[in-house]
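Asker: model the following, please.
(chains A and B)
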Amino acid sequence: MEIDKMKSLWEDMSKKVERQEILTDQLIFDMTKERYENRIRSISVPETISALICFGVIIFLISNFNLLDVWYLQLSGILTIVACLLLPILSLKSIQRMKNVPISKGTYKEALAIYAKARVKFIRLQKVSFYTSFIVLILCVISFGKIMKGIDVFTMTEKLNWLVPSGIGVLFIFSQWVLKKYKGSMDSANDLLKELEE
Amino acid sequence: MHSKTKFVKDIRANEGIIYKVSRLYSNTVEDQKDLFQEIVYQLWKSYGSFKENAKVSTWMYRVALNTAISSLKKEKRRGARVTMDNFLLNRPYEIDTLTEERIALLYAHIKELSIVERGIILLHLEGKNYDEIATITGFTNTNVGTRLGRIKQKLKSQIKNGN
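Answerer: Below you'll find the predicted structure:
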């Protein structure tokens, strides 16, 4: 297919599309109405579930905080609460920033630049969240162990000897895979920004 | 004329733009339907700020393209949707298998381009001149010309390698 043929095929298709007029008045009304009324449902399920889990953890820790009787256990509890509060908020805000493309006022170039910059920030935050999540997981084990089973993890030196190295091993393998995935997304967002500057 | 009635009239007169943009920026029929409705919704939302002296199609291209960008990487983040007959997206003229194959190939070639290039070539194929493309995209006239030259070269080599 030559470029000229491409253009004539496109023109031909456009003429036929314009002639057909398939949309009805009612369908257009329904599209604007349905979309508006169900806007809230477009929030993604994984993010909502993650946020609910985090808030559940916060409530559980606050209501059982008196069981954390040593300073380092209390510190673990406080850090878990702070992380569970901040991470979902930052993540949801970051996603919101990506959606805030100026749809009616901005040009295509402006919209793309805003999208690409927000995407770069989002991926950076995802990276930070990924490492923070591991720390939160460890903190959760410490706090929950004490609250639910009355165990002080720091006194179990024998188990710690193999738990810590194997945990680091799992983190290393998993992080290689995740970082590779993030690198691809980051590169494509940066390429887009470079292309816009050309 | 009542704004809602006028809006519906404008949409019906330019529905081809929404169809083409949503097809160009989606990889599945489901995503296409979703983007189609999102564009209609965004057009309705911004209809109040649309200035009567501006060209309806220019405003529609801008909103449609920017909505397509805001929908990038939002797979599986769908909101509720009006039931749309597949008839709406698989238009009757495409029943002709040969034509549909050629149109599908055309879309496939364009989809291989970058997001920036995709918007520019769409407007070019739509018969827009450099000035109009520059107004909608925000690139300068000279830049549009340079980019179009590059896009044509890319498409040429794509077609050569593909056929």
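Asker: stretch A:185-198: which residues count as buried?
Answerer: A:186, A:189, A:192, A:196 (16 or more other C-beta atoms under 10 Å in any protein chain shown). All C-beta spots, glycine's among them, are computed from the backbone N, C-alpha and C.
Asker: check which element follows the helix or strand of chain A with the lowest mean pLDDT along the chain.
Answerer: Least confident helix or strand of chain A, by mean pLDDT, DSSP states H and E, is helix A:25-37 with a mean of 70. Toward the C-terminus, helix A:25-37 is succeeded by helix A:45-63 as the next helix or strand (DSSP states H and E).
Asker: can you list the neighbours in contact with that next one?
Answerer: With contacts defined as C-beta atoms under 8 Å, 6 or more residues apart in numbering or on different chains, helix A:45-63 is touched by A:77, A:80-81, A:84-85, A:87-88, A:91-92, A:95, A:140, A:143, A:147.
Asker: output the contacting helices and strands for the helix or strand where residue B:64 lies.
Answerer: Counting by DSSP H and E, the element that carries residue B:64 is helix B:56-70. Judged by 3 or more C-beta pairs under 8 Å, 6 or more residues apart in numbering or on different chains; DSSP states H and E, helix B:56-70 is in contact with helix A:108-144, helix B:3-13, helix B:15-24, helix B:29-46, helix B:115-125, helix B:130-137.
Asker: can you redo those as JSON lines with distance to residue B:54?
Answerer: Listed next are the helices and strands packed on helix B:56-70 as JSON lines, based on distance: least, C-beta to C-beta, whole Å:
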{"stretch": "helix A:108-144", "distance to residue B:54": "16"}
{"stretch": "helix B:3-13", "distance to residue B:54": "12"}
{"stretch": "helix B:15-24", "distance to residue B:54": "15"}
{"stretch": "helix B:29-46", "distance to residue B:54": "12"}
{"stretch": "helix B:115-125", "distance to residue B:54": "16"}
{"stretch": "helix B:130-137", "distance to residue B:54": "10"}
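Asker: of the ones you listed, which is nearest residue B:67?
Answerer: The closest of the helices and strands packed on helix B:56-70 to residue B:67 is helix B:29-46. By C-beta to C-beta, the value is 4.6 Å.
Asker: how far does that closest one sit from the chain's center?
Answerer: 11 Å (C-alpha atoms, centre = their mean, to the nearest Å).
Asker: now do it, average pLDDT.
Answerer: Across helix B:29-46, the average pLDDT comes to 88.
Asker: and that helix, which residues are buried?
Answerer: B:31-46.
Asker: kindly report the same for stretch A:84-104.
Answerer: Residues A:84, A:87, A:88, A:91, A:92, A:94, A:95, A:97, A:98, A:101, A:103, A:104 are the ones in stretch A:84-104 that count as buried (16+ other C-beta under 10 Å).
Asker: secondary structure element for the nearest residue to residue A:121 once chain neighbours are set aside?
Answerer: Nearest residue to residue A:121, sequence neighbours excluded (C-beta to C-beta, 6 or more residues apart in numbering or on different chains): residue A:94, at 6.2 Å. According to DSSP H and E, residue A:94 maps onto helix A:71-99.
Asker: mind giving me the packing neighbours of that helix?
Answerer: Using 3+ C-beta pairs under 8 Å, 6+ apart: helix A:71-99 touches helix A:45-63, helix A:108-144.
Asker: can you tell me the residue of chain A closest to chain B?
Answerer: residue A:107 (2.8 Å; C-beta to the nearest C-beta).
Asker: residues contacting the residue nearest to that residue when sequence neighbours are not counted?
Answerer: Residue nearest to residue A:107 in three dimensions, not counting chain neighbours: residue B:138, with 2.8 Å by C-beta to C-beta, 6+ apart. Contact analysis of residue B:138 by C-beta under 8 Å, 6+ apart lists A:106, A:107, A:108, A:109, A:110.
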